[in-house]
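S.K.: The amino acid sequence is not available; the structure is as follows:
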């Protein structure tokens, strides 16, 4: 070959010697190997561009595509710069149902009822589909399942733009998810709550309470104690705004109903809210209680019961919140809420 005809072969498989032998280490035709590339034929998309809005690249003839994965804070900034956005924090110990709630919110929007919020767009479609896979018939699972959130230093954000029929433009939400083990650790190390970006910047925080544990006598008292302790942590975290609203979300409602303790649990949670309100007069703007069954295991609750009402609560929380500048520094005035075109990591 002449110099102009030379093909620069490469492979992302470290064991492959295609550049030397011209053959695939897996004995696949080169045009069928997912790892093989001819650099002079396939323009590469820089990794730093992933997560930005598609736009034509006049130099390389390529299109910059969003990979659809969960957003880390740095990439969530692009959403914040593009539109008025509300961060929704989902807080709770392991297995409390955070990821199940996210999956149900997304899944229900595919079949939204007339008059309710409807799906408009998302830059994290791949992430939504991945966590919903266990709910699909294609998974061939004996019963629905949800993969657990990996333990990571930063939260993951799921992006949703919704049409609710009352606004000219879609309302944009970022749902913040973090491994439950890290939230559980806050009870022992409450001083670290200030470094949890989603706690400090959420317009609405949702403290998820595991209904399965409340349905069992052996774990009921310790679960309620954990709710009180987590409320103390959140109320004493000075970086959380007094304009932030808190929802206490009872999950797995079907399990609570199956043992006939719904009224008892309602009373216990109401008592916790009343005690917290008396103790922390300058705490949250408002504390509400929601009950949901995102993926019920029995007929004691409807599929997705309560989830639509919770989403409508999130959307209503967007109205009238002040525009603010985000900062990692403590907010002495404690005035936060709705956010627009700002950065999570300033």
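M.R.: It's in. In this text, all values refer to a predicted model and were calculated from it rather than measured experimentally. Numbers count the residues shown, from 1 in each chain.
S.K.: Wait, residue 235 touches residue 280, no?
M.R.: Yes - using C-beta atoms under 8 Å, residue 235 is in contact with residue 280, at 4.1 Å. All C-beta atoms are positioned from the backbone trio N, CA, C, and that covers glycine.
S.K.: show me what contacts the residue lying closest to residue 66 once chain neighbours are set aside?
M.R.: Closest residue to residue 66 apart from its sequence neighbours, by C-beta to C-beta, 6 or more residues apart in numbering: residue 123 at 5.0 Å. With contact set as C-beta atoms under 8 Å, 6 or more residues apart in numbering, residue 123 has these partners: 51, 66, 68, 71, 79, 159.
S.K.: Swap in 10 Å and give it another go.
M.R.: Going by C-beta atoms under 10 Å, 6 or more residues apart in numbering, residue 123 touches 51-53, 66-69, 71, 75-76, 78-79, 82, 157-161.
S.K.: Could you list which of those residues belong to strands?
M.R.: Residues of these located in strands (DSSP state E): 157-161.
S.K.: if we can go back for a sec, could you tell me which residues touch both of residue 235 and residue 280?
M.R.: Common neighbours of residue 235 and residue 280, using C-beta under 10 Å, 6+ apart, are residue 287.
S.K.: Does residue 298 belong to a helix, a strand or coil?
M.R.: coil (DSSP: H, G, I helix; E, B strand; the rest coil).
S.K.: From residue 309, how far out is it?
M.R.: Using C-beta to C-beta, to the nearest Å, one gets 21 Å for the distance from residue 298 to residue 309.
S.K.: Determine which member of these two has the greater number of neighbouring residues.
M.R.: More neighbours surround residue 309 than the other of residue 298 and residue 309, with 13 against 10 (other C-beta atoms under 10 Å).
S.K.: hmm, back to that, so the residue nearest to residue 66 is in which element?
M.R.: For residue 123, there is no helix or strand it lies in under DSSP states H and E.
S.K.: what's the spacing between it and residue 82?
M.R.: In this structure, residue 123 and residue 82 are 9 Å apart, going by C-beta to C-beta.
S.K.: residues near residue 243, how many?
M.R.: Neighbour tally, residue 243, other C-beta under 10 Å: 18.
S.K.: Now it, what are its backbone angles?
M.R.: For residue 243, the backbone dihedrals (degrees, to the nearest 10) come out as phi -90, psi -10.
S.K.: For the stretch 51-200 of the chain, which segments are assigned as helices?
M.R.: 73-82, 98-109, 125-132, 180-185, 197-201 (DSSP state H, counting those that start in this stretch).
S.K.: closest one to residue 259 among those helices?
M.R.: helix 98-109 (20.0 Å; C-beta to C-beta).
S.K.: so how far is that closest one off the chain centroid?
M.R.: 10 Å (C-alpha atoms, centre = their mean, to the nearest Å).
S.K.: if I read this right, residue 274 contacts residue 248, doesn't it?
M.R.: No - with contacts counted by C-beta atoms under 10 Å, residue 274 stays clear of residue 248, the gap being 11.8 Å.
S.K.: Compare the two and say which one has the larger neighbour count.
M.R.: residue 248 (22 against 11).
S.K.: Show the contacting residues for the more buried one.
M.R.: Here residue 248 is in contact with 205-209, 227, 230-231, 269-270, 272-273, 276, 287-291 (criterion: C-beta under 10 Å, 6+ apart).
S.K.: Try it again at 8 Å.
M.R.: Contacts of residue 248 by C-beta under 8 Å, 6+ apart are 206-207, 209, 227, 269, 272-273, 287-290.
S.K.: Likewise for residue 301?
M.R.: By C-beta under 8 Å, 6+ apart, the contact list for residue 301 reads 253-254, 257, 293.
S.K.: rerun that using 6 Å as the cut-off
M.R.: 253-254, 293 (C-beta atoms under 6 Å, 6 or more residues apart in numbering).
S.K.: Which one of the residues you listed sits in the busiest neighbourhood?
M.R.: Among the contacts of residue 301, the one with the most neighbours (other C-beta under 10 Å) is residue 293, at 27 neighbours.
S.K.: in what helix or strand does the nearest residue to that residue once chain neighbours are set aside lie?
M.R.: In space, not counting the residues next to it along the chain, residue 293 is nearest to residue 301; the distance is 3.5 Å by C-beta to C-beta, 6+ apart. Element membership for residue 301, per DSSP H and E: none, as it lies in no helix or strand.
S.K.: what ranges do the strands span in the stretch 201-346 of the chain?
M.R.: Shown for the stretch 201-346 of the chain, the strands assigned by DSSP state E, counting those that start in this stretch span residues 204-209, 245-250, 286-291, 339-340.
S.K.: related to what we said a few turns ago, want to throw the contacts of residue 301 into CSV with pLDDT?
M.R.: Formatted as CSV, the contacts of residue 301 follow (pLDDT from 0 to 100):
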residue, pLDDT
253, 98
254, 97
293, 97
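S.K.: and those as a markdown table, adding distance to residue 179?
M.R.: Shown next, in a markdown table, are the contacts of residue 301 (distance: C-beta to C-beta, whole Å):
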| residue | distance to residue 179 |
| --- | --- |
| 253 | 24 |
| 254 | 25 |
| 293 | 23 |
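S.K.: Inside helices: which ones of those?
M.R.: Among the contacts of residue 301, the members falling in helices are 253-254 (criterion: DSSP state H).
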